[in-house]
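A.B. asks: Need a 3D model of the sequence below.
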Amino acid sequence: MKQDVLILKHQELFNIMKENIFKGKVNLSIILIFFLIISCSNSKNIIYNNIDSRESTLVWPPYPQIPKIKFLTCIYTPSDFGINKSWVEQTIEIFFGKEQFYGTMIRPHGIYAFNRNLYITDPGAHIVHVYDSNGKYFLIKDAGQAELQSPIGIAVDEDGKIYVTDSSLKKVFVFDRNGKFKYEIGSSNLFLRPSGIALTSDRIYVIDTHSHRVLVFNKKGEFLFSFGNQGNQKGEFNYPTNIFIDKQEILYITDSLNFRIQIFDKDGNFLSMFGKAGDGSGDLSRPKGVAVDSEGHIYVSDSNFDNVQIFDKEGRLLLVFGKTGTGNGEMILPAGIFIDNDDFIYVADSYNHRIQVFKYLKNKE
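C.D. replies: Model prediction:
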């Protein structure tokens, strides 16, 4: 409450200041002093603060059962992540206007979380949003001589390098931790429509949806091997879309138009699969994202059901959360899903133009 009041007072002062600037009643030195005062208010990441003490009535399953999933928040803009613009950025806005896509999500698709930073692909805006937990927001739209057209998949390695697939440009682009372009992987001769991407310490795995296979590279971007082809048998795919790799380097792949999840080892050897088309409990209709929590539960976002289903390792349905709508915990065409090392769950709620954040509650929580 105190923070909200402070932000409100700053905004009121800002509006008064802005009005008087153009009337010639305020000089530049006063403006700078004003924004220096504001900049002393530290941005705080509101998602992760005091998480255990938060009360939430939006849980699954509902009380009086023991909740396993808790809704935390929705992220529409950087301020929802606890990021406020610096006084320099606000001053520039006064004179030059707002940057067109500053923090505005058009159609978020892929999501990755690393060191409590969020990385979000937005093919609707042709950019990548980066939310830094230290209070910085920036976007990525240029990839060397090209501009991103349809960024889909995203992953980040231990050094902070950012890997982005672009389904239209048919390449993987690699950026440093600050969003500066470094190099690219692949071409239209290799990819038809690259989509999901995941990393291990020494490999890059890229889903190529239209060639119905997974391409594997080393960290230098050199092609190693591929696996899969079009079909409905074990190890075959029909328009795969997303991939998640757990700590044991097991691969979980959304085999979308076979309406199933397939599981492989790191060398592409088939291990198991589950799922079938239908509209009943545990069935899949338009599976998109896949992720795994610290206890091995498998989460599948479904853009036709507008929900997330949770399965055990054998593919048995455990729990469902989400439904069609625009409220908290409701979704419209959810796409990517990611679970970090602390079991925070991030869902790209594409047509609600936001990221929803949930928490998996272990028994002690």
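A.B. asks: residue contacts, Phe191?
C.D. replies: Applying CB atoms under 8 Å, 6 or more residues apart in numbering to Phe191 gives the contacts 170-171, 206, 208, 211, 215. No exception for glycine: its C-beta is placed from N, CA and C like everyone else's.
A.B. asks: Oh, that last question was meant for Gly275, not what I typed.
C.D. replies: 255, 259-261, 282-284, 287, 300, 315.
A.B. asks: which residue packs closest to it, ignoring adjacent ones?
C.D. replies: Closest residue to Gly275 apart from its sequence neighbours, by CB to CB, 6 or more residues apart in numbering: Arg260 at 3.5 Å.
A.B. asks: still on that earlier bit, and the contacts of Gly275, which two are the farthest apart?
C.D. replies: Greatest spacing in those, by CB to CB: Asp255 and Gly282 (15.8 Å).
A.B. asks: Show me which of these two is the more surrounded one.
C.D. replies: Counted by other CB atoms under 10 Å, Asp255 and Gly282 do not tie: Asp255 has more neighbours, with 25 against 16.
A.B. asks: Quick check: the more buried one vs Lys136, distance?
C.D. replies: Separation of Asp255 from Lys136 (CB to CB, to the nearest Å): 37 Å.
A.B. asks: for Ser188, what are its contacts?
C.D. replies: Shown in contact with Ser188 (CB under 8 Å, 6+ apart): Lys170.
A.B. asks: what about it, which SS state?
C.D. replies: Three-state call for Ser188 (DSSP: H, G, I helix; E, B strand; the rest coil): coil.
A.B. asks: Dig out what the most centrally placed residue in the chain forms beta bridges with.
C.D. replies: Nearest to the geometric centre of the chain sits Ile111, at 1.6 Å (CA atoms, centre = their mean). Listed by DSSP bridges, the beta-bridge partners for Ile111 are Ile120.
A.B. asks: From Val216, how far out is it?
C.D. replies: 22 Å.
A.B. asks: Report how many residues lie close to Ala291.
C.D. replies: By other CB under 10 Å, the residues close to Ala291 number 23.
A.B. asks: Helix or strand with the lowest mean pLDDT in this protein?
C.D. replies: One helix or strand of the chain scores below all others by mean pLDDT, DSSP states H and E: helix 2-21, with a mean of 48.
A.B. asks: nearest spatial neighbour of Ser281, skipping sequence neighbours?
C.D. replies: Closest residue in space to Ser281, ignoring its immediate chain neighbours: Leu317 at 5.7 Å, by CB to CB, 6+ apart.
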